[in-house]
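S.K.: No sequence on hand, only this structure:
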């Protein structure tokens, strides 16, 4: 099976501008493609992970990746999928986030000589003269067409700022710049970026009289259509300081039964023939498949040693209901206690097991929190520093365990 057919079989291909042309380019290793990553945080997320694995698949087949860090476009903010305007970041914050992205990408993509390259669109977008930009590319965009774009529709009802309205032009200009200066002939991105990507291909056609291509990849959603890669109101981060290897492992270990095979196809490099055998599993056998998925992804992101620790910790916790040195642990300082005690709900928030005290209250009222073997019955339940000193296990729901210790 050639690469393009494998991408289709794995459920990755959503929309393409010219399927036959793209298929031939990818299969023959002739695609010099880019994927953009806006620097809205100091770590990539599980949502970015599929784009990184796609880049790796294409690179292994001889295609040349360009990783575009959005130091310039982040200053505007992509309105796609948003109900409100993104937080405005400073140039210093964006530069810091870009450096973090670069370090994480190097775990997946080969940036050696003659291999992939990394560029930052701040290098050309921030030096543009506004009037010159309007004269050069403004006439190539129809406002009527832009307003019909999916990336703007949701925001039109709530209010779309002129700042965000320019995002499509900036992203299109990126493709145009890369086409002219780096021989980039293809762009890949999430399916929600289709309108922006078409803007780039159309700008290249009008300005250069040439064809460039675009392909979107299927968004990673669960069986209910919600984006995957979120837990307790937070993203699942690739940075181990933000999402521990154990929590990362547990996220994938706990995916719904209906989603495990899809995740395995879209995110891992496990051969499709092997996945087809896993697809026949159910019941306890499916739990084993989930463990394979979780271990495989944790190993890719955090390495074999951390994947082994996460797997062993999960087995210890669930087999015996006890503690493990590798399970997530939060150390409480003197400042966390009031008169020598701390609310259990504050512990949940401190460890990011819940995003807020109100969510902690709801969880406790539903009987979803245990300290040791005892269910937490009251929202105002406290634990003393002495009770926590040697370690206490808090269980959230059926599958999330967290250890607390006091200094």
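M.R.: Here it is on my side, so go on. Note that this is a predicted model, so its numbers are computed, not measured.
S.K.: which stretch of helix or strand covers the residue nearest the centre of the chain?
M.R.: By C-alpha atoms, centre = their mean, the mean C-alpha position of the chain lies nearest to residue 47, the distance being 2.1 Å. Here residue 47, judged by DSSP states H and E, is contained in helix 46-60.
S.K.: who's in contact with that helix?
M.R.: Outside helix 46-60, the residues that touch it by C-beta atoms under 8 Å, 6 or more residues apart in numbering are 3, 6-7, 12, 26, 31, 33, 35, 37, 44, 65, 67, 105, 108-110, 115-116, 188-190, 217, 220, 227-229, 235-238, 251, 266-269, 297, 300-301. Any C-beta I mention is one placed from the backbone N, CA and C, and that applies to glycine too.
S.K.: ok, back up a step: for residue 93, see how far away the residue nearest to the centre of the chain is.
M.R.: Distance, residue 47 to residue 93, by C-beta to C-beta, to the nearest Å: 20 Å.
S.K.: Now residue 39. Its backbone dihedrals?
M.R.: According to degrees, to the nearest 10, the main-chain angles of residue 39 amount to phi -90, psi 60.
S.K.: and it, what does it touch?
M.R.: 69, 70, 71, 74, 89, 94, 97, 98, 101.
S.K.: related to what we said a few turns ago, show me the contacts of helix 46-60 that map onto helices.
M.R.: Counting by DSSP state H, the contacts of helix 46-60 place 3, 6, 7, 26, 105, 251, 266, 267, 297, 300, 301 in helices.
S.K.: Farthest-apart pair in those, please.
M.R.: Comparing all pairs in those by C-beta to C-beta, the longest separation belongs to 26 and 251, at 30.4 Å.
S.K.: The two: who's more crowded?
M.R.: For residue 26 versus residue 251, neighbours defined as other C-beta atoms under 10 Å are more numerous around residue 26 (25 against 20).
S.K.: can you pull the contacts of the residue nearest to the more buried one when sequence neighbours are not counted?
M.R.: Nearest residue to residue 26 in three dimensions, chain neighbours excluded: residue 4, at 4.9 Å (C-beta to C-beta, 6 or more residues apart in numbering). Counting by C-beta under 8 Å, 6+ apart, residue 4 touches 13, 22, 23, 26, 27.
S.K.: Pick the one among these closest to residue 309.
M.R.: Of the contacts of residue 4, the one sitting nearest to residue 309 (C-beta to C-beta) turns out to be residue 13, at 35.6 Å.
S.K.: quick one: pLDDT of the closest residue in space to the closest one that isn't next to it in sequence?
M.R.: Distances taken as C-beta to C-beta, 6+ apart put residue 7 closest to residue 13, at 5.2 Å, once the chain neighbours are dropped. On the pLDDT scale, residue 7 is placed at 97.
S.K.: what's the burial count for residue 7?
M.R.: Residue 7 has 21 nearby residues by other C-beta under 10 Å.
S.K.: Could you do residue 367 as well?
M.R.: Counted with other C-beta under 10 Å, the neighbours of residue 367 add up to 10.
S.K.: Mind checking what secondary structure it has?
M.R.: Three-state call for residue 367 (DSSP: H, G, I helix; E, B strand; the rest coil): coil.
S.K.: Quick check: the gap between it and residue 383.
M.R.: For residue 367, the distance to residue 383 equals 18 Å [C-beta to C-beta].
S.K.: Please give the element, helix or strand, for the residue nearest to residue 258 when sequence neighbours are not counted.
M.R.: In space, and not counting its chain neighbours, residue 258 is closest to residue 223: 4.0 Å by C-beta to C-beta, 6+ apart. Residue 223 is part of no helix or strand, with elements assigned from DSSP H and E.
S.K.: what's residue 223 in contact with, if anything?
M.R.: By C-beta under 8 Å, 6+ apart, the neighbours of residue 223 are 256, 258, 259.
S.K.: which of those residues tops the neighbour count?
M.R.: Neighbour counts for the contacts of residue 223, by other C-beta under 10 Å, peak at residue 259, which reaches 18 neighbours.
S.K.: distance of that residue from residue 116?
M.R.: Look at residue 259 and residue 116: by C-beta to C-beta, they are 30 Å apart.
S.K.: Could you do residue 38 as well?
M.R.: From residue 38 over to residue 116 the distance is 19 Å, taken as C-beta to C-beta.
S.K.: Show me which of the two is the more surrounded one.
M.R.: Neighbours were tallied for residue 38 and for residue 116 using other C-beta under 10 Å; the higher tally belongs to residue 38 (25 against 21).
S.K.: contacting residues around residue 180?
M.R.: residue 208.
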